[in-house]
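> structure, please.
(one chain, ligands or ions: 1)
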Amino acid sequence: MIKLAVVGAGHWGPNLIRNFSQGTTSQVRWVVDSDAKRLEVTRSRFPEVQVTQDLAQALADKEVSGVVISTPTSTHYPITKAALEAGKHVLVEKPITADAAHGDELVALAQKQGRLLMVGHVFLFNPAVQKVRKYLEEGSLGQLHYISMVRTNLGPIRMDVNAAWDLASHDVSIANYWLGATPVAVSATGGTWINEGIADAIFATFRYPNNVLVNLHASWLNPRKARDITVVGEKRMLTFDDMNLLEPIRVYDKQVTDARTKPAFIDTFGGFRSSVREGDITIPKVNMGEPLRAECDHFIECIAAGKQPLTGGKEGVAVVRALEALTRSMKSSGREETL
Ligand SMILES: NC(=O)c1ccc[n+]([C@@H]2O[C@H](COP(=O)([O-])OP(=O)(O)OC[C@H]3O[C@@H](n4cnc5c(N)ncnc54)[C@H](O)[C@@H]3O)[C@@H](O)[C@H]2O)c1
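Below you'll find the model as predicted:
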């Protein structure tokens, strides 16, 4: 039985408390929150858990071997550092830190302490995301051309980070995982309307190795909740709609072929046109479980077996580095920034 402290019981924290409390190999001993009202709510929902406003009290508990952090991004660095220094394993929510240098420092600290540092990039535990990665690994889409990702909703509006850090952090983690690479450059534009200095909508294009483009639109100022991804390969294409829980993926057997056709008349654009091939659209079976449950189970398994996690500190810092370059580009009116 691995005993845990969960820090932060706001919107997301209770999902972590629930999953770790339901697991047969984990138990939540402490919930820490600086807001006494959130602790009252926690106590009524999880009466078996001890609550405190004092992080040091939970860290001093020798029975606790892991700390799960679900506080605002700006607080991730000091809380993670304190937990690692106290000899605890850490699962910290995404993004790992608000700056890459702090992230690197935490990765080095975890290594020095011989403790696990995992980041809650929950989409990597989504079976549909894993299925797409398999297609890409097998090369069944052919040479990859581009990925387009849309993540929109009306709210929740953050005060400590912009829409890129809150929403696009998911998409960058997915793209890095699918492509097995990190971006080399990015150009981005952001729009700010609600809170001064905090972009509500961002439009960004990342360049990855092998001439792959990844385009992101992330916004909390949009009437429609959308989680749409399109992956375009040379031989096949696919769509992933995370709002469609039953049939999230469609694979389109469509491509532009090498065969060039002669049009019926000669137009000003040249005598030959590429032709397209349109085959079947298939909907693979995806066994959807709760991705957060899989993430929590993975954290416990990695602690028990001394394994490196799928979403470790290094992977988390790679996402932060991409978001930093995106932020630089937004500040310079969309100039392409290299990573
Ligand atoms: N993986 C996901 O899909 C997902 C979804 C939502 C949020 N998140 C992440 O979870 C984290 C929390 O987001 P949220 O929506 O729950 O935010 P929130 O503001 O609703 O909750 C944060 C909680 O942390 C508490 N807190 C703040 N500073 C603290 C400190 N120094 N010590 C102890 N408690 C402190 C607050 O009182 C609050 O109860 C963020 O990093 C966010 O990016 C992840």
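
> so what's the closest residue to residue 284 other than its chain neighbours up against?
Leaving aside its sequence neighbours, residue 284 sits nearest to residue 249 (Cβ to Cβ, 6 or more residues apart in numbering; 5.6 Å). For every residue, glycine as well, the C-beta is placed using N, CA and C. Residues near residue 249 by Cβ atoms under 8 Å, 6 or more residues apart in numbering: 128, 131, 132, 238, 239, 240, 283, 284, 286.

> what about the closest residue to residue 20 other than its chain neighbours, how many neighbours?
Leaving aside its sequence neighbours, residue 20 sits nearest to residue 26 (Cβ to Cβ, 6+ apart; 4.7 Å). Counted by other Cβ atoms under 10 Å, the residues lying close to residue 26 total 22.

> beta partners of residue 26?
For residue 26, the beta-bridge partners are residue 2 (DSSP bridges).

> dump the residue contacts of it.
Residue 26 makes contact with 1, 2, 3, 4, 20, 66, 296, 300 under the criterion Cβ under 8 Å, 6+ apart.

> which one of those is nearest the ligand?
Nearest to the ligand among those is residue 296, at 11.4 Å by Cβ to the nearest ligand atom.

> ok so that closest one is a helix residue?
Yes - counting by DSSP: H, G, I helix; E, B strand; the rest coil, residue 296 falls inside a helix.

> how close does the spatially closest residue to it that is not a sequence neighbour get to residue 253?
Excluding the flanking residues, the one nearest residue 296 by Cβ to Cβ, 6+ apart is residue 19, at 4.2 Å. Using Cβ to Cβ, to the nearest Å, residue 19 is found at 38 Å from residue 253.

> who has more neighbours, these two?
residue 19 (20 against 13).

> which parts of the stretch 101-250 of the chain sit against the ligand?
120, 122, 166 (Cβ under 6 Å from any ligand atom).

> keep only those of the residues you listed that are in strands.
Using DSSP state E, residue 120 are the members of those that sit in strands.

> most neighbours of all the residues of the stretch 101-250 of the chain next to the ligand, which one?
Neighbour-wise, those (other Cβ under 10 Å) top out at residue 120, 25 neighbours.

> could you give the bridge partners of that one?
In this structure, residue 120 bridges to residue 93 when assessed by DSSP bridges.

> how near is it to residue 208?
Computed as Cβ to Cβ, the residue 120 to residue 208 distance reads 23 Å.

> likewise residue 29?
42 Å.

> ok, the two, which is more surrounded?
A direct count of neighbours by other Cβ under 10 Å for residue 29 and residue 208 places residue 208 higher, at 21 against 16.

> who touches the residue in the stretch 101-250 of the chain positioned nearest to the ligand in this structure?
Across the stretch 101-250 of the chain, the shortest distance to the ligand (Cβ to the nearest ligand atom) belongs to residue 122, at 4.2 Å. Residue 122 makes contact with 94, 170, 291, 292, 295 under the criterion Cβ under 8 Å, 6+ apart.

> what residues does the strand or helix carrying the fourth one touch?
Assignment of secondary structure by DSSP states H and E places residue 292 within helix 291-305. With contact meaning Cβ under 8 Å, 6+ apart, helix 291-305 is reached by 2, 15-16, 19-20, 22-23, 25-26, 65-66, 68, 89, 91, 116, 118, 120, 122-127, 307-311.

> now do 6 Å
Residues external to helix 291-305 that are found in contact with it (Cβ atoms under 6 Å, 6 or more residues apart in numbering): 2, 15, 19-20, 25-26, 66, 89, 91, 116, 118, 122, 125-126, 309.

> next one: stretch 306-318
Residues outside stretch 306-318 that contact it (Cβ under 6 Å, 6+ apart) are 96, 100, 103-104, 106-107, 110, 117-119, 121, 124, 176, 182, 302.

> most neighbours of all the residues you listed, which one?
Counting by other Cβ under 10 Å, residue 96 has the largest number of neighbours within the contacts of stretch 306-318, with 35 neighbours.
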